[in-house]
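[1] mind looking at a prediction? Sequence and model below.
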Amino acid sequence: MTTRLRPGVVSAQVPTARLAVHTLHCDRTGEPVVFIHGNVSSALFWQQSMLDLPERYRPIAVDLRGFGDTEAKEVDATRGLRDYADDVRAVLDGLGLAAVHLVGWSMGGGVAMQLLRDDPARVRSLTLVNPVSPYGFGGTHGPDGVLNDPSGAGSGGGCANPDFVARLGAGDRSADAPTAPRSVFQGAYVHPGYQPGDDAEVETYLDSMLTTRIGDGHYPGDLQSTEVWPGVAPGEHGVLNAMSPVHFRIDDLHTIEPKPPVTWIRGEGDVIVSDTSLFDLAYLGSIGAVEGWPGDRVAPPQPMIAQTRHVLERYSAAGGAYTETVIEQAGHSPHIERPKEFMAALVAGLDAGSRVE
């Protein structure tokens, strides 16, 4: 995987008390900025952002467990995203970093929120990039993340497309089906107008996606059957179960002290983390793409954007501060689709955290 590193980006393994973690970094001094990638990806997605970061900041990107070149320890989903958050904190300890700026994308945004919730003194600023809702992925309704069913039906490992999972495991590099990883990248990770710098750029992102470990303890995770539509509920292991609202819920972020500034950046055309997400079975049911949908009273679509705003507004009302930047002509990955606009918003948030200190 590291054969696709850009000039100026360095690969390194960081031994920790929990597991061996692979990182990317740039050889410079300055305030550390730790980048946390999303699901079905790796630190490779952060290379342009690392290189674009002003010299006064020191970029470090981690591969989460089961992705990239980090040790493939299984995920205990009953801890929500804490396995990942504790791994990142172990990296900070291993590198001797007392406090850092955190930047989390998609699932990595949830990991960053969990680390902030558990250890706020370690965080100078938090930047959330198209983050998973603080109330997990799937199976909830309303801005305050009420479960559609106590079982968490409609969330967890059973919600992944099995053909996509099989193609990931097989290392499929084709574009011959909508469920091929390349097609998912082009159709969901980025906005339709995205133009890569060159062919190698997309191949790098595909390399990254294909590092995803497959299985009950990894992606997508195990599942339980339920009589409640859509017939699947979260299990206790693996990636998607770790994001289930049964196991992951950040509804008290407003109680932490200190409260570092939060920057929320999102692409306006995101189809993954959205109030109308094409990866939310309840929304797909509402538009007829999944059979048997029982209606809004039983399985309403999850308002993911509204839920994140709800949590951040409570944070602000309790004395914290947040800004929201919506980047046009960008989808789920504004840091690679619109790098200049993304960097401007990111640096503003980092600078705000530096001034607080």
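    Everything's here; your move.
[2] mind listing what the spatially closest residue to T78 that is not a sequence neighbour touches?
    What sits nearest to T78 in space, not counting adjacent residues and going by Cβ to Cβ, 6 or more residues apart in numbering, is E236, at 5.1 Å. Bear in mind the C-beta positions are built from the backbone N, C-alpha and C, glycine included. E236 sits next to D76, A77, T78, D222 when contact means Cβ atoms under 8 Å, 6 or more residues apart in numbering.
[3] between those residues, which is nearest N130?
    Lowest distance from N130 to these (Cβ to Cβ) belongs to A77, with 21.7 Å.
[4] which element is the closest residue to that closest one other than its chain neighbours on?
    In this structure, A77 finds its nearest non-sequential neighbour in N241, 3.5 Å apart by Cβ to Cβ, 6+ apart. Assigned by DSSP states H and E, N241 falls within helix 239-242.
[5] residues in contact with that helix?
    For helix 239-242, the surrounding residues in contact (Cβ under 8 Å, 6+ apart) are 39, 66, 75, 77, 79-81, 83-84, 107, 137, 155-157, 159-160, 218-223, 234-235, 247-248.
[6] likewise stretch 334-342?
    Counting by Cβ under 8 Å, 6+ apart, 45-46, 48-49, 52, 105, 129-130, 190-191, 194, 205, 265-267, 327, 329-331, 346 sit against stretch 334-342.
[7] please redo it, this time with the cut-off set to 6 Å
    Stretch 334-342 is contacted by residues Q48, S49, V190, H191, Y194, G267, I327, A330 when judged by Cβ atoms under 6 Å, 6 or more residues apart in numbering.
[8] and the fourth one, how many residues sit next to it?
    Using other Cβ atoms under 10 Å as the criterion, H191 is surrounded by 20 other residues.
[9] pLDDT value on it, please?
    What the model reports as pLDDT for H191 is 95.
[10] that's a helix at it, yeah?
    No. Per DSSP: H, G, I helix; E, B strand; the rest coil, H191 lies outside any helix segment and is coil.
[11] phi and psi next, for it.
    Note on H191: backbone dihedrals following degrees, to the nearest 10 are phi -70, psi 150.
[12] now it, nearest residue through space, not along the chain?
    Closest residue in space to H191, ignoring its immediate chain neighbours: G331 at 3.9 Å, by Cβ to Cβ, 6+ apart.
[13] surely that neighbour meets P192?
    No. Applying Cβ atoms under 6 Å as the test, G331 and P192 come out as separate, 8.0 Å apart.
[14] tell me which helix or strand comes right after whichever strand or helix holds S316.
    Using DSSP H and E, S316 falls within helix 304-317. Going down the chain from helix 304-317, the next helix or strand is strand 322-327, by DSSP H and E.
[15] which neighbouring elements make contact with that following strand?
    Applying 3 or more Cβ pairs under 6 Å, 6 or more residues apart in numbering; DSSP states H and E, we find strand 322-327 packed against strand 262-267.
[16] what about 8 Å?
    Strand 322-327 makes packing contacts with strand 262-267, helix 304-317, helix 339-356 when contacts are defined by 3 or more Cβ pairs under 8 Å, 6 or more residues apart in numbering; DSSP states H and E.
[17] would you mind getting the angle between it and helix 339-356?
    Here strand 322-327 runs at an angle of 170 degrees relative to helix 339-356 (axes from the mean of the first three to the mean of the last three Cα atoms, to 10 degrees).
[18] buried set for strand 322-327?
    For strand 322-327, burial by neighbour count (16 or more other Cβ atoms under 10 Å) applies to Y322, T323, T325, I327.
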